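A.B. asks: Any chance you can model this:
(2 chains)
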Amino acid sequence: MVSVFVHLADTLTTEFEAIDLMQTLAETSRDVLPVEATGIALSDPRGRLRVLATTHPAAELLELFEIQNSEGPCYDCFQSATPIVNLSVEESWQRWPQFMACAADAGYTSAHAFPLRLRDEVIGVMNLFCTSSVELPEDDIGVAQGLCDIATIGLLQERAVREKHLIAEQLQAALNSRIQIEQAKGILSERLAVPLDEAFVMMRKHARANNLRLADAAAGVIQGQLVLPVEN
Amino acid sequence: MSTSPYRRILDSAMLGGGDALNGAERLCQQCATELAVAGVGLTITSTVNHRPESVVAATEGMAERLESAQYNLGEGPCPTATSLGRPVLHPHLASTGLAAWPRFARVALDSGCASLFTFPLQVGLIRVGALTLYADQPRSLDADELGEALVYAEVALALVLGREQPGADHHEAAELWIGDHLEVHQATGMVAERLGVALVDALLLLRAHAYSHQRSLVDVARDVVARRLYLMQKEDG
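C.D. replies: All right, here's what the predicted structure looks like:
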C-alpha cells in the first residue's frame, strides 16, 4: 500500500499539471480500491463542480449528471466536506433517486465520494463507482482519503497555499486543459477513425511514455505536431 | 440558463443596441463599475504567437493607456495569459510586475496601476484575447469577484466570436453559451479535423448551425459526436 502513496507522491516531485495529477489519482484509486470506476471533479470559482478526470466514460456521464442536477454523493460530499461512504442501497435511492437511476443505467449499483480538502475548504470531490454494493472496509476508506489528501497537497503546492491567487490560476488552467484534451480527442477520433475513449487512451499512453503533460500532448495533436500511430 | 450571471451580463452589454463592438465597450464599463476597479480593457491576440493584435475596447484613462502599451511593447499580462491559457493575477504589481514584464510593468506603475487581473478569452486551445482589470490600489479579488470576472471574460469571448459571424444577430448568437459540456469540445475537434479548419472556425460552424436551427449548442454537439450530424463548410441558414 505504501508504494501507492509513493507512486502518487512521485508525480508531485516532477513538473506536472493538475490534470495529470488528477488522472493519476483517479487511476490509482481504481486500481487499489475495490471499485470499478472513479471520477474527479473540481469546484470552479462559482462553486460548480466540473469533471477533471475519469477512468471510464460512463463515470464521466454520471459526473455531468450530478453537476447538472445537484444531487448525488458528490454533491453531498462537497456540501458537507465529509466522505459519503457505505450508504445502503435503500438509503441511496431515497436520497438520490435520479442519480441512482442514472448510475443503474450505466451498470453501477453503489457510489462513494471523498472530499479534496484544504483546511476548511473543499476544492473538489473524488467519486467512486461500484458494480456491486460491497461495503468499503475501514482500511480502504483511509486509503481513499489519504490519496485525496496527497493529491490535494500536490495540486495546491506549498507556494500556492500561501497565495490564494495562485490557486485560482492553477484551477482555471486545469479546467481549460480539460477542454483542450477534449478538443484533441475529437480531432484524433476523427483522424484515426477510433472512438473518443480510445483516442484519449492513446494520448494518455503517449504522454506517459514520453513524460509529456497531457495538455501538451493534446496541444501537439491539435497543432498537428504530434502524430500518433494506430495500433493493431 | 434563464437567470444566469452570464445572461445578465450579456443582456446589459447589448442593451444599448449596436454591434458586438459597442457591446464590448459597455461590457468593459460595466465590469469596471461592478468590480470597483479603475479600468477594464479587452484586447484580441494573434492565434499564432499571442501578440496583441488590436484593442477591442477599453475604459478611458488607465485601461486605454495600458492596453495600448501592451500592443506597442508586445509584452504584458494579456499575451502572457493567452499563451499560458490561464488567468494572470497580480494583486501587488509593484512587487511582482517587473520580474514578469520589465517594460510594461514600468509603464503600468508609472500610470498609477497597483494591481491587475487578466482573464484569457479561451476555450481550450482556442485563445483569442484577454480581458484585463486594472486597479489603482493594491488589492485582491475574493472568490465571488473572481467568479464574476470569469463570467465577464466568457461574455467577452462570446462577443468577440460573434463579430466573426456575419449575418447573425450578435446578441442572440452570443446567447449560445459555450458552457462546460465536454461534448461541445469533442465535437469542435471532430468538425475541425473533418473539414480541415481551425478549432475556432469549427466552433463557429457549430454555433452557426445551432443558431440557424434554433437548437442549443450542446444538442448539436451531441449529434456530431454521435455521428448523426455532419456539418458542411458553409452553413445555409
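
A.B. asks: CA atoms for contacts and neighbours, from now on please.
C.D. replies: Will do.

A.B. asks: And the strands in the chain?
C.D. replies: I went with chain A, as the question did not name one. Secondary structure of chain A (DSSP state E): strands located at A:37-43, A:49-54, A:110-118, A:121-130.

A.B. asks: Chain B was what I was after
C.D. replies: For chain B, the strands defined by DSSP E cover B:39-45, B:52-58, B:88-90, B:115-123, B:126-135.

A.B. asks: for the third one, packing partners?
C.D. replies: Using 3 or more Cα pairs under 8 Å, 6 or more residues apart in numbering or on different chains; DSSP states H and E as the contact test, the elements touching strand B:88-90 are helix A:164-192, helix B:77-84, strand B:115-123.

A.B. asks: contacting residues around residue B:72?
C.D. replies: Under the criterion of Cα atoms under 8 Å, 6 or more residues apart in numbering or on different chains, residue B:72 has no contact partners.

A.B. asks: follow-up on the earlier one: mean pLDDT and mean neighbour count for the strands of chain B - can I get that in CSV?
C.D. replies: Below are those laid out as CSV (pLDDT from 0 to 100; neighbours: other Cα atoms under 10 Å in any protein chain shown):
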stretch, mean pLDDT, mean neighbour count
strand B:39-45, 97, 28
strand B:52-58, 95, 21
strand B:88-90, 94, 23
strand B:115-123, 96, 27
strand B:126-135, 97, 26
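
A.B. asks: can you redo the ones you listed as JSON lines with distance to residue A:30?
C.D. replies: Output for these, formatted as JSON lines (distance: least, Cα to Cα, whole Å):
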{"stretch": "strand B:39-45", "distance to residue A:30": "42"}
{"stretch": "strand B:52-58", "distance to residue A:30": "45"}
{"stretch": "strand B:88-90", "distance to residue A:30": "35"}
{"stretch": "strand B:115-123", "distance to residue A:30": "30"}
{"stretch": "strand B:126-135", "distance to residue A:30": "33"}
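
A.B. asks: Those strands: which one's closest to residue A:113?
C.D. replies: Proximity to residue A:113 (Cα to Cα) singles out strand B:115-123 among the strands of chain B, at 28.9 Å.

A.B. asks: May I have the closest one as PDB, with CA atoms only?
C.D. replies: The C-alpha trace of strand B:115-123 is given here as PDB (Å, rounded to 0.1, in the frame of the first residue of the first chain):
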ATOM      1  CA  SER B 115      -2.700  45.600  -9.300                       C
ATOM      2  CA  LEU B 116      -4.100  43.900 -12.300                       C
ATOM      3  CA  PHE B 117      -6.100  40.800 -13.100                       C
ATOM      4  CA  THR B 118      -6.100  39.300 -16.600                       C
ATOM      5  CA  PHE B 119      -8.500  36.600 -17.900                       C
ATOM      6  CA  PRO B 120      -7.900  34.900 -21.200                       C
ATOM      7  CA  LEU B 121     -10.800  34.600 -23.700                       C
ATOM      8  CA  GLN B 122     -10.400  30.900 -24.300                       C
ATOM      9  CA  VAL B 123     -11.900  27.600 -25.000                       C
END
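
A.B. asks: That one pairs with which strands, parallel or anti?
C.D. replies: Strand B:115-123 has its sheet partners listed here by DSSP bridges as strand B:88-90 (antiparallel), strand B:126-135 (antiparallel).

A.B. asks: so how far is the longest one from its chain's centroid?
C.D. replies: Same thing as strand B:126-135. What separates the centre of strand B:126-135 from the centre of its chain is 6 Å, taken as Cα atoms, centre = their mean, to the nearest Å.

A.B. asks: What of the shortest one?
C.D. replies: Between the centre of strand B:88-90 and the centre of its host chain there is 16 Å, according to Cα atoms, centre = their mean.

A.B. asks: Could you do stretch A:136-153 as well?
C.D. replies: 14 Å.

A.B. asks: what's the burial count for residue A:86?
C.D. replies: Applying other Cα atoms under 10 Å in any protein chain shown, we find 18 residues neighbouring residue A:86.

A.B. asks: which stretches of chain B aren't confidently modelled?
C.D. replies: B:1-3, B:17, B:163-176, B:234-237 (pLDDT under 70).

A.B. asks: what residues does it put near chain A?
C.D. replies: Contact residues (Cα under 8 Å from any Cα of the partner chain) of chain B with chain A: B:85-89, B:122-125, B:143-144, B:146-147, B:180-183, B:185-194.

A.B. asks: Which among these count as buried?
C.D. replies: B:85-89, B:122-125, B:143, B:146-147, B:180-183, B:185-194 (16 or more other Cα atoms under 10 Å in any protein chain shown).

A.B. asks: Which ones among the residues you listed map onto helices?
C.D. replies: Judged by DSSP state H, these include B:143, B:146-147, B:182-183, B:185-194 as members of helices.

A.B. asks: Out of these, which is nearest to residue A:71?
C.D. replies: residue B:182 (19.7 Å).

A.B. asks: can you tell me how far that closest one sits from residue B:98?
C.D. replies: Here residue B:182 is placed at a distance of 38 Å from residue B:98 (Cα to Cα, to the nearest Å).

A.B. asks: do residue B:177 as well
C.D. replies: 37 Å.

A.B. asks: Touching, residue B:10 and residue B:157? I think so.
C.D. replies: No. With contact defined as Cα atoms under 8 Å, residue B:10 does not reach residue B:157; the gap is 10.8 Å.

A.B. asks: is it true that residue B:31 touches residue B:40?
C.D. replies: Yes. When contacts are counted by Cα under 8 Å, residue B:31 is listed as touching residue B:40 (7.0 Å).

A.B. asks: For chain A, which segments count as helices?
C.D. replies: Secondary structure of chain A, counting by DSSP H: helices at A:2-13, A:18-32, A:57-69, A:73-80, A:89-95, A:97-105, A:138-162, A:164-192, A:196-209, A:214-222.

A.B. asks: quick revisit: and of the helices and strands packed on strand B:88-90, who's closest to residue B:225?
C.D. replies: When the helices and strands packed on strand B:88-90 are compared by Cα to Cα, helix A:164-192 sits nearest residue B:225, at 8.1 Å.

A.B. asks: The closest one close to chain B?
C.D. replies: Yes. Using Cα under 8 Å from any Cα, helix A:164-192 reaches chain B at A:165-166, A:168-170, A:172-173, A:176-191.

A.B. asks: Tell me the buried residues in that helix?
C.D. replies: Quick answer for helix A:164-192 (16+ other Cα under 10 Å): A:165-191.

A.B. asks: starting at the chain centroid, how far to that helix?
C.D. replies: With Cα atoms, centre = their mean, you get 13 Å for helix A:164-192.

A.B. asks: Check which helices and strands it sits against.
C.D. replies: Looks like helix A:164-192 contacts helix A:18-32, strand A:49-54, helix A:138-162, helix A:196-209, helix A:214-222, strand B:88-90, strand B:115-123, helix B:182-195 (3+ Cα pairs under 8 Å, 6+ apart).

A.B. asks: how about the residues of chain A that lie near chain B?
C.D. replies: A:44-46, A:50, A:64, A:165-166, A:168-170, A:172-173, A:176-191, A:219, A:222.
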